[in-house]
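> Predicted model follows, preceded by the sequence.
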Amino acid sequence: MRPSFVLLIAACLAVMVSSPAGSESPQPAVVQGTVKERLVLDEAFLKSLPTITIDVTFETGQGKKSGRYTGVLLWALLERAQPIDEPGKNTSLKHTLMITGRDGYAVALALGEIDPHYEGKQIIIAYLGGEPSASMSSLRLIVPGDVHGGRSVRDLAKIELR
């Protein structure tokens, strides 16, 4: 056998050993923080909620990108989680959301951006759209109206209400 072929076989075996067939997929994303109920965003839960489909276009380093995304409103998830507010006038407006991807990339949103009594932006947690490989196991935050896609967090791990 040629040495390069032997190295190729060794590399394939190393990958197979480190990533066995049937290995577990990543844990579902969660909604947590100052909420009464911690939510696990698995496929069954997400499919039980009303869906919305939106078209977005944003600037990237490679020019404009457009996509159609289907998912659930971030506001609907927060309503289910039941935010805990401090006593006082409009204290819900003190809340921020920290949305974090599995790679550690994180963005912040003000609760007033998605609250229907204020801006009411239809920000969604998408489970279909964009890339052909998108699936329930790879959720994505979609913020329509942003010129650049910097707040479009891929492969969501957690949404924390602070």
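Sure thing, it's come through. Numbering: from 1, shown residues only.

> Do I have it right that Pro26 meets Leu139?
No. No contact is recorded between Pro26 and Leu139 when judged using C-beta atoms under 8 Å, the distance being 10.4 Å. C-betas here are computed from N, CA, C, even on glycine.

> Between the two, which is the more surrounded one?
Set side by side, Pro26 and Leu139 show unequal neighbour counts under other C-beta atoms under 10 Å, the larger going to Leu139 at 27 against 10.

> Name the nearest residue to that one, sequence neighbours excluded.
Setting aside the residues directly before and after it, Leu139 is nearest to Leu156 in space (C-beta to C-beta, 6 or more residues apart in numbering), at 4.0 Å.

> Run a quick neighbour tally on the one you found.
Using other C-beta under 10 Å, Leu156 is surrounded by 21 other residues.

> overlap in contacts of Pro26 and Leu139?
Overlap between the neighbourhoods of Pro26 and Leu139 consists of Asp155, taking contacts as C-beta atoms under 8 Å, 6 or more residues apart in numbering.

> low pLDDT regions in this protein?
Applying pLDDT under 70 to the chain flags residues 1-25, 129-137.

> From the contact counts, what lies against the longest strand seen in it?
For the chain, the strand with the greatest residue count under DSSP state E is strand 63-73. Packed against strand 63-73 by the contact rule (3 or more C-beta pairs under 8 Å, 6 or more residues apart in numbering; DSSP states H and E) you find strand 52-60, strand 124-129, strand 140-142.

> right, so of the ones you listed, which gets closest to Thr100?
Among the helices and strands packed on strand 63-73, strand 140-142 comes nearest to Thr100, with 9.8 Å by C-beta to C-beta.

> so what secondary structure elements neighbour the closest one?
strand 63-73, strand 124-129.

> Okay, now the sheet partners of the last one, with direction.
It refers to strand 124-129. Each strand that strand 124-129 pairs with, and the sense of that pairing, follows from DSSP bridges: strand 63-73 (antiparallel), strand 140-142 (antiparallel).

> Please convert the ones you listed to TSV, extending it with distance to His95 and mean neighbour count.
Conversion of the strands paired with strand 124-129 to TSV gives the following (distance: least, C-beta to C-beta, whole Å; neighbours: other C-beta atoms under 10 Å):
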stretch	distance to His95	mean neighbour count
strand 63-73	16	16
strand 140-142	16	24
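
> isn't Val72 right next to Leu46, touching?
Yes. Val72 lies in contact with Leu46 (C-beta under 8 Å); the separation is 5.9 Å.

> list residues touching both of the two?
125, 127.
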